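Peer 1: 3D model of this:
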Amino acid sequence: MEEVKEERKEKPGARHPAHQATLFLEGSLGEEGFRSPRLPEGCRVEVAGYALTQPEEHRGEGVFTLWPRTDEEGRLTEVQVALKLKRPMEGPELVVHGILLHADGRRFVVLVQPKSGEAFRLVLGRARGFTAFLEPRKAYRFEGALRGGRLLAERAFPLGKWALARKGGGPLPEPVEGDRNPHLEGRRKGPAPKEARRPAPPEPESPPEPPGRKAPPPRKGPRRDPARVWRAPEEEEAPGGLGLPPPLPKGQVMGLVGEGPYYLVLRPEALALWWPKVERLLPEFPRKYEVRWYPDGSRAVVAWDLEALKVWYKRVLRG
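Peer 2: Numbering: from 1, shown residues only. Next up, the predicted model:
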């Protein structure tokens, strides 16, 4: 774990540690490559990081740091061997820092955004008994293990609280594990306790009817209760700034912006050259998307899958 910390130091002033996905497995690295009895059959193995640039220091048997990739079911399909640990292994076998995109009863889909390289999705299966609810679009630290060729999440921590505790040396936040998420408790207030019912005061007796006066005949048809209709005052059509796409960096007329959903924004200056290419390739976009027009003449393609948008945008740039 110490080597991983040295390799992935945080930038000064960073709010959270860099996203990462790390698997620690015992094995051996030689001239023919890396071997481990725990890797599933058919898993691709590559050498990267310090194991590639400083091979002599990382060859031999031991516990290695691997960067994993999975398929949509959480099966391990590819690993990159980064380095061999110099100290005994401490901590969980699997550590994943990323943003939770989707969670259901059997898996988590996590977006990992490393400091260098492109973001990628990692699918983690739920370990047996780990049924707690996690909030999508939140950053988490997942801890787990490799079992049966699949990456399984056994517990999780809110990444911001976990990083703050490590930085300040205070106690770590309670883990989300089993069927309990302690970080969601108390957010929703339960119904107020019912007050004890007080006995209703006795109704005053109605005065006796004067002699010779008859009660009016019953009214036919349903009784109409008076109702008050309240109408909200008309508001402005849109506050300032809501009718514009997310801003691009200064001097840029086309590019990807946003933090989810994600936008490919084209300023009016770029429409004549690039919009025909974008429109021609839109039917080939593999995920759900929207096309938005703005009053200032800008246009945008909006999607919720950043990785798919990046791959498709490269095709647009290639023409």
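Peer 1: Residue 137 and residue 144, how far apart?
Peer 2: According to C-beta to C-beta, to the nearest Å, residue 137 and residue 144 sit 21 Å apart. Just so you know, the C-beta spots here come from the backbone N, C-alpha and C atoms, and that holds for glycine as well.
Peer 1: actually residue 97, sorry about that
Peer 2: 13 Å.
Peer 1: centroid residue for this structure?
Peer 2: Nearest to the geometric centre of the chain sits residue 100, at 2.7 Å (C-alpha atoms, centre = their mean).
Peer 1: which residues does that one contact?
Peer 2: 108, 109, 110, 134, 135, 136, 137, 138, 139, 140 (C-beta atoms under 8 Å, 6 or more residues apart in numbering).
Peer 1: List buried residues within these.
Peer 2: Buried members of the contacts of residue 100, scored by 16 or more other C-beta atoms under 10 Å, are 108, 109, 110, 134, 139, 140.
Peer 1: and residue 281, how many neighbours does it have?
Peer 2: 16 (other C-beta atoms under 10 Å).
Peer 1: Hmm, it is touching residue 312, no?
Peer 2: Yes: when contacts are counted by C-beta atoms under 8 Å, residue 281 is listed as touching residue 312 (7.0 Å).
Peer 1: Who are the contact partners of residue 260?
Peer 2: 99, 137, 304, 306.
Peer 1: Look up which helix or strand residue 312 falls in, please.
Peer 2: Assigned by DSSP states H and E, residue 312 belongs to helix 306-318.
Peer 1: quick one: what helix or strand has the closest residue to residue 141 other than its chain neighbours in it?
Peer 2: Nearest residue to residue 141, sequence neighbours excluded (C-beta to C-beta, 6 or more residues apart in numbering): residue 157, at 4.5 Å. Element membership for residue 157, per DSSP H and E: strand 150-158.
Peer 1: which stretches of this protein form helices?
Peer 2: Along the chain, counting by DSSP state H, helices occupy 2-7, 49-53, 55-58, 159-168, 268-281, 306-318.
Peer 1: Between the ones you listed, which one is closest to residue 123.
Peer 2: helix 306-318 (12.7 Å; C-beta to C-beta).
Peer 1: Please report the number of neighbouring residues for residue 156.
Peer 2: Neighbour number of residue 156 under other C-beta under 10 Å is 27.
Peer 1: give the contact list for it.
Peer 2: 132, 134, 140, 141, 142, 143, 175, 176, 177.
Peer 1: change it to 7 Å
Peer 2: 134, 140, 141, 142, 175, 176 (C-beta atoms under 7 Å, 6 or more residues apart in numbering).
Peer 1: How much space separates residue 95 from residue 283?
Peer 2: 40 Å.
Peer 1: So for these two, which residue has more residues nearby?
Peer 2: Counted by other C-beta under 10 Å, residue 95 and residue 283 do not tie: residue 95 has more neighbours, with 18 against 6.
Peer 1: Nearest residue to residue 89 in space, please, no chain neighbours.
Peer 2: residue 63 (4.6 Å).
Peer 1: Quick check: pLDDT value at the one you found.
Peer 2: If you check residue 63, the pLDDT there is 93.
Peer 1: Ok, residue 249 next?
Peer 2: For residue 249, the model assigns a pLDDT of 85.
Peer 1: partner residues bridging the closest residue to it other than its chain neighbours?
Peer 2: In this structure, residue 249 finds its nearest non-sequential neighbour in residue 255, 7.0 Å apart by C-beta to C-beta, 6+ apart. On the basis of DSSP bridges, residue 255 is bridged to residue 265.
Peer 1: roughly how far apart are residue 255 and residue 96?
Peer 2: From residue 255 to residue 96 the distance is 29 Å (C-beta to C-beta).
Peer 1: Repeat that for residue 58.
Peer 2: Applying C-beta to C-beta to residue 58 and residue 96 gives a distance of 23 Å.
Peer 1: now residue 313
Peer 2: Counting by C-beta to C-beta, the gap from residue 313 to residue 96 is 26 Å.
Peer 1: same deal with residue 167?
Peer 2: Remark: distance between residue 167 and residue 96 (C-beta to C-beta) = 20 Å.
Peer 1: more neighbours, the two?
Peer 2: Using other C-beta under 10 Å, the more surrounded residue of residue 167 and residue 96 is residue 96, with 25 against 11.
Peer 1: my guess is that one meets residue 110, correct?
Peer 2: Yes: under the criterion of C-beta atoms under 7 Å, residue 96 makes contact with residue 110 at 5.8 Å.
Peer 1: Now for those two: what residues contact both?
Peer 2: Contacts common to residue 96 and residue 110, judged by C-beta under 7 Å, 6+ apart, are 122, 124, 142.
Peer 1: so what's the closest residue to residue 159 other than its chain neighbours scoring on pLDDT?
Peer 2: Distance criterion C-beta to C-beta, 6+ apart; nearest residue to residue 159, sequence neighbours excluded, is residue 139 at 3.9 Å. Looking at residue 139, its pLDDT reads 94.
Peer 1: For residue 139, give its distance to residue 25.
Peer 2: Applying C-beta to C-beta to residue 139 and residue 25 gives a distance of 25 Å.
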